[in-house]
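Trainee: give the three-dimensional model of this entry:
(chains A and B)
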There are 2 protein chains.
Amino acid sequence: MALIVQKYGGSSVADAESIKRVAKRIVETRKSGNDVVVVVSAMGDTTDELLDLASAVTPLASGRELDMLLTAGERISMALLAMAIKSLGQDARSYTGSQAGLVTDAKHGSARIVDVAPKRVREALDAGAIAIVAGFQGFSRITGDITTLGRGGSDTTAVALAAALNADVCEIYTDVDGVFTADPRVVPAAHKIDTVTSEEMLELAAAGAKVLYIRAVEYARRHGVTLHVRSSFNNNEGTLVINPKEGENVEEPLIVGVASDLSEAKVTVVGVPDVPGKAAQIFTIVASTDANIDMIVQNVSTAATGLTDISFTLPKSDGGKVLKALEDAKSDSGFHSLQYDDQIGKLALVGAGMRTNAGVSAKLFTALYEAGINIEMISTSEIRISVVTRADTINDAVRVVHTAFGLDSDEVAQVHGGTGR
Amino acid sequence: MALIVQKYGGSSVADAESIKRVAKRIVETRKSGNDVVVVVSAMGDTTDELLDLASAVTPLASGRELDMLLTAGERISMALLAMAIKSLGQDARSYTGSQAGLVTDAKHGSARIVDVAPKRVREALDAGAIAIVAGFQGFSRITGDITTLGRGGSDTTAVALAAALNADVCEIYTDVDGVFTADPRVVPAAHKIDTVTSEEMLELAAAGAKVLYIRAVEYARRHGVTLHVRSSFNNNEGTLVINPKEGENVEEPLIVGVASDLSEAKVTVVGVPDVPGKAAQIFTIVASTDANIDMIVQNVSTAATGLTDISFTLPKSDGGKVLKALEDAKSDSGFHSLQYDDQIGKLALVGAGMRTNAGVSAKLFTALYEAGINIEMISTSEIRISVVTRADTINDAVRVVHTAFGLDSDEVAQVHGGTGR
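Mentor: Numbers count the residues shown, from 1 in each chain, chains lettered A, B, ... in the order given. Just a heads-up that it's a prediction; the model follows:
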């Protein structure tokens, strides 16, 4: 008898019919002899509708009250789902984040989980019932207030419960069949990955793969939770995200996938005096804005001028505040000027196999060169190579790299839209 | 500095604009130097929409899950109201029923309040904030589950908080100007009552006056809470519902109002053997159905037959089950037959002054007789006289009685629709 945590996103419970369909699937899992804990997001567009209501009342909604408001969303979906399951003859009980013991800090809108004490969930399982838990939400023991976990919060709730309950697997249900070697909308020959390590999954998620949130993958990795990303619209096996133990013999394919991201912009700080401490000074200024810096590249300075250029990428949404902070510090820092380029695309090639294989970079650069695609920045980790190109060449880049590394499948993948909360 | 509890119903917070309007009124009350606790219902039709969702999922919704679902309604309205108040520069904090310490028994859908421990509400007031509390909901300490109080629950929440906080007044905001001498839609000459005792208010509410729920009035009476029923659409004084102390000299008008009710039916048990214990036997059967019996009349038996008829009124919605229970017991009980009449109307004349005035009944019967209206049943309490007439004569009956007791006003009242939760 296994303990399975299942997470269903908003698109899987968008209306009464979807809720009944999901209820049936949950009951089947229970009847196969498993204990089942379900984490559910708010129905379809509920969150957006609640945000619209808040905007209609005030442009400056208090974080505490916004969390109180938004958590009504999961309250509705989880109660309906529990009713649907009960009407199929199986006992089910819904729990809010605080009832399920999801303890967080008090940072409204993006709270961090500090403890998981699922006493009532455990009691429900012991009584033979299916426990339905509201995703995305928790409470602060210090203030006693309701909190939300921010983007991807329901995935994180599911993983945190799976870890605390020592579940056998945490199934993340979505509207695609699993994790793909590339975005099937860009690369029709992309295929579903059967197994991926959490390390690789982290790199894919960080590089723009939307199907799982970095935070949930990190949590799963840290706590050794096995994830199973699969579709709620069929019974196919999805993608297993595993955590091989140190020294464990896992067959690691050279490359698991190619991710791309068009949400970043590039800032270049031009004419930085090439003296010790200048880069530190510049990134201290950037850090003060709380922007998420991704890639950083510093050119070699020419001896003649004693000046260098520093480029970095960051989410476009952070661009304005970073430019302002740097501009304000221009005279102190002594650089010449700033350039801002939001027409870039980022491609990342991920695979633990490249750790022991030297030819990957060369193969990547050759494939792009032969396709006439110019590389503007390069950054590497042990299991990832990222390059920045022009935004309008990124899809071509993904396709040629996907082909070059032998990832193309003969079948054409099913394409669905994605959602996230 | 007074402590005021204000309760706003669903029609007062039906949309973003109404919420902003109500927020302004609350802030004005606070700025006048009062501590303010606000109890709020779900927005407009939210409850009905949630019930529709539940019906779409299953015809047999679990009580526990239905309560979980419905309490999302106040969560939304209270968070929006708190945001609206904060954006006017006044601190406000919203609390669910359980956060506000509304402890109930575990009877889902119609829970009774067993304790009120508004620690967090008190802390909010001490910190200078306005406390917004979800009406209609609480939690059971025994099961740890969320409960709802049933019809009129928000009024009851407000009164219970006012009692626990020892508030100076509990203001019940609605869409009418207060309690009227009769329904202004029936009697255009009806006028607002300035002051009424809770005893009279109980009789009026029991007799069909919709503006306050019996349960909230009972709670207020038992705990000595002064109610102020007033409109959220203007600043007029409404109706004060007071609790005069024993021996206190209150000027009691002869009659405070005339209520009517078309929701009841009359059951007549025909040919009951006139032997001791028969009435007890019949009403034991009726009681076993949990039906709410209102008036009971037993005719004098004729010596010739040794049989009598017993009539009683009850909500039409209880009619079916009572008839069935009596029919099933017919042979045991030995009565001849049952009659069911759902075309009756009930009129009640209420006023503490009639306690010391013998002519009230005579005046009432005369007024009805002169209008050609036949009286079918009569029942009296110390401060009320109720009569049953044909349903289609009830409005005429209310008008002639209203006039006969000098209640007609020269002004014509504003008429609004009413809502209730």
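
Trainee: next, count neighbours for residue A:218.
Mentor: If you count neighbours by other CB atoms under 10 Å in any protein chain shown, residue A:218 ends up with 17. In this view, the C-beta of every residue, glycine as well, is placed from N, C-alpha and C.

Trainee: now the farthest one out in chain A, which residue is it?
Mentor: residue A:304 (45.0 Å; CA atoms, centre = their mean).

Trainee: so what's it up against?
Mentor: With CB atoms under 8 Å, 6 or more residues apart in numbering or on different chains as the criterion, no residue contacts residue A:304.

Trainee: that one in helix, strand or coil?
Mentor: What DSSP: H, G, I helix; E, B strand; the rest coil gives for residue A:304 is coil.

Trainee: against residue A:335, how distant is it?
Mentor: Separation of residue A:304 from residue A:335 (CB to CB, to the nearest Å): 17 Å.

Trainee: residue A:380 now?
Mentor: 26 Å.

Trainee: higher neighbour count, those two?
Mentor: The neighbour comparison of residue A:380 against residue A:335 (other CB under 10 Å) goes to residue A:335, with 23 against 15.

Trainee: quick check: closest non-adjacent residue to the more buried one.
Mentor: residue A:272 (4.6 Å; CB to CB, 6 or more residues apart in numbering or on different chains).

Trainee: so that neighbour bridges to which residues?
Mentor: Per DSSP bridges, the residues bridged to residue A:272 are residue A:308.

Trainee: who are the contact partners of it?
Mentor: Contacts of residue A:272 by CB under 8 Å, 6+ apart are A:278-279, A:282, A:307-310, A:333-335.

Trainee: list only buried entries from these.
Mentor: The neighbour count (16 or more other CB atoms under 10 Å in any protein chain shown) marks A:278-279, A:282, A:307-310, A:335 as buried among the contacts of residue A:272.

Trainee: residues from chain A in reach of chain B?
Mentor: Residues of chain A lying near chain B by CB under 8 Å from any CB of the partner chain: A:15-16, A:19-20, A:50, A:53-54, A:56-62, A:64-66, A:68-69, A:71-73, A:75-76, A:78-80, A:82-84, A:86-87, A:92-94, A:99, A:120, A:144.

Trainee: for residue A:208, helix, strand, or coil?
Mentor: Classification of residue A:208 using three-state DSSP returns coil.

Trainee: what is the least confident helix or strand in chain A by mean pLDDT packed up against?
Mentor: Here the helix or strand of chain A ranked lowest by mean pLDDT, DSSP states H and E is strand A:296-298, holding a mean of 83. Contact partners of strand A:296-298 among helices and strands, from 3 or more CB pairs under 8 Å, 6 or more residues apart in numbering or on different chains; DSSP states H and E: strand A:307-315, strand A:377-381.

Trainee: if we use 7 Å, what do you get?
Mentor: When contacts are defined as 3 or more CB pairs under 7 Å, 6 or more residues apart in numbering or on different chains; DSSP states H and E, strand A:296-298 sits against strand A:307-315.

Trainee: low-confidence stretches in chain A?
Mentor: For chain A, the stretches flagged by pLDDT under 70 are A:246-252, A:301-303, A:411-421.

Trainee: surely residue A:47 meets residue A:72?
Mentor: No: look at residue A:47 against residue A:72 with CB atoms under 7 Å: they stay out of range, at 9.7 Å.

Trainee: who has more neighbours, these two?
Mentor: Ranked by neighbour count (other CB under 10 Å), residue A:47 and residue A:72 place residue A:72 first, with 23 against 20.

Trainee: before we move on, which element is that one in?
Mentor: helix A:63-86 (DSSP states H and E).

Trainee: and the angle from that helix to helix B:63-70?
Mentor: 140 degrees (axes from the mean of the first three to the mean of the last three CA atoms, to 10 degrees).

Trainee: return the distance of helix A:63-86 from the chain's centre.
Mentor: In terms of CA atoms, centre = their mean, to the nearest Å, the centre of helix A:63-86 is found 22 Å from the chain centre.

Trainee: my read: residue A:177 touches residue A:235, true?
Mentor: No: if you go by CB under 7 Å, residue A:177 and residue A:235 don't touch, sitting 10.8 Å apart.

Trainee: for the stretch 251-400 of chain A, which segments count as strands?
Mentor: Ranges of strands in the stretch 251-400 of chain A, per DSSP state E, counting those that start in this stretch, are A:257-261, A:264-273, A:296-298, A:307-315, A:337-341, A:344-350, A:377-381, A:384-390.

Trainee: closest one to residue B:297 among the ones you listed?
Mentor: Nearest to residue B:297 among the strands of the stretch 251-400 of chain A is strand A:307-315; the distance by CB to CB comes to 78.3 Å.

Trainee: what lies in contact with the closest one?
Mentor: A:263-274, A:279, A:282, A:291-299, A:301, A:322, A:344, A:346, A:377, A:388 (CB atoms under 7 Å, 6 or more residues apart in numbering or on different chains).

Trainee: in chain A, which spans are helices?
Mentor: Ranges of helices in chain A, per DSSP state H, are A:16-31, A:46-57, A:63-86, A:119-126, A:153-164, A:198-206, A:214-223, A:278-287, A:319-328, A:330-333, A:360-370, A:394-404.

Trainee: let me have the ones you listed in CSV, adding distance to residue B:317 as columns.
Mentor: Formatted as CSV, these follow (distance: least, CB to CB, whole Å):
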stretch, distance to residue B:317
helix A:16-31, 27
helix A:46-57, 33
helix A:63-86, 24
helix A:119-126, 35
helix A:153-164, 41
helix A:198-206, 56
helix A:214-223, 50
helix A:278-287, 67
helix A:319-328, 62
helix A:330-333, 77
helix A:360-370, 74
helix A:394-404, 64
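
Trainee: buried residues, the helix holding residue A:72. List them.
Mentor: A:63-86.

Trainee: got it, and stretch A:156-163?
Mentor: Residues of stretch A:156-163 classed as buried by neighbour count (16+ other CB under 10 Å): A:156-163.

Trainee: which of residue A:177 and residue A:235 has more neighbours?
Mentor: residue A:177 (22 against 9).

Trainee: contacts only, for residue A:143.
Mentor: So residue A:143 contacts residue A:106 (CB under 7 Å, 6+ apart).

Trainee: typo on my end, it should be residue A:89
Mentor: Contacts of residue A:89 were listed using CB under 7 Å, 6+ apart, and none were found.

Trainee: switch to 8 Å and redo it
Mentor: So residue A:89 contacts residue A:27 (CB under 8 Å, 6+ apart).

Trainee: measure residue A:125 to chain B for me?
Mentor: 16 Å (CB to the nearest CB, to the nearest Å).

Trainee: typed the wrong thing, it's residue A:400
Mentor: For residue A:400, the distance to chain B - CB to the nearest CB - is 49 Å.

Trainee: so who does the residue lying closest to that residue once chain neighbours are set aside touch?
Mentor: Closest residue to residue A:400 apart from its sequence neighbours, by CB to CB, 6+ apart: residue A:371 at 4.4 Å. By CB under 8 Å, 6+ apart, the contact set of residue A:371 is A:396-397, A:400.

Trainee: and of the residues you listed, the nearest to residue A:362?
Mentor: For the contacts of residue A:371, the minimum distance to residue A:362 (CB to CB) is 14.7 Å, reached by residue A:400.

Trainee: thought that closest one was touching residue A:370?
Mentor: Yes: with contact defined as CB atoms under 8 Å, residue A:400 reaches residue A:370; the gap is 7.5 Å.

Trainee: who has more neighbours, those two?
Mentor: Neighbours per residue, other CB under 10 Å: of residue A:400 and residue A:370, the larger number sits with residue A:400, 22 against 10.

Trainee: how close does the more buried one get to residue A:204?
Mentor: On the measure of CB to CB, residue A:400 and residue A:204 end up 19 Å apart.

Trainee: got the angle for the helix holding residue A:72 vs helix A:16-31?
Mentor: Taking the same axes, to 10 degrees, one finds helix A:63-86 and helix A:16-31 inclined to each other by 70 degrees.
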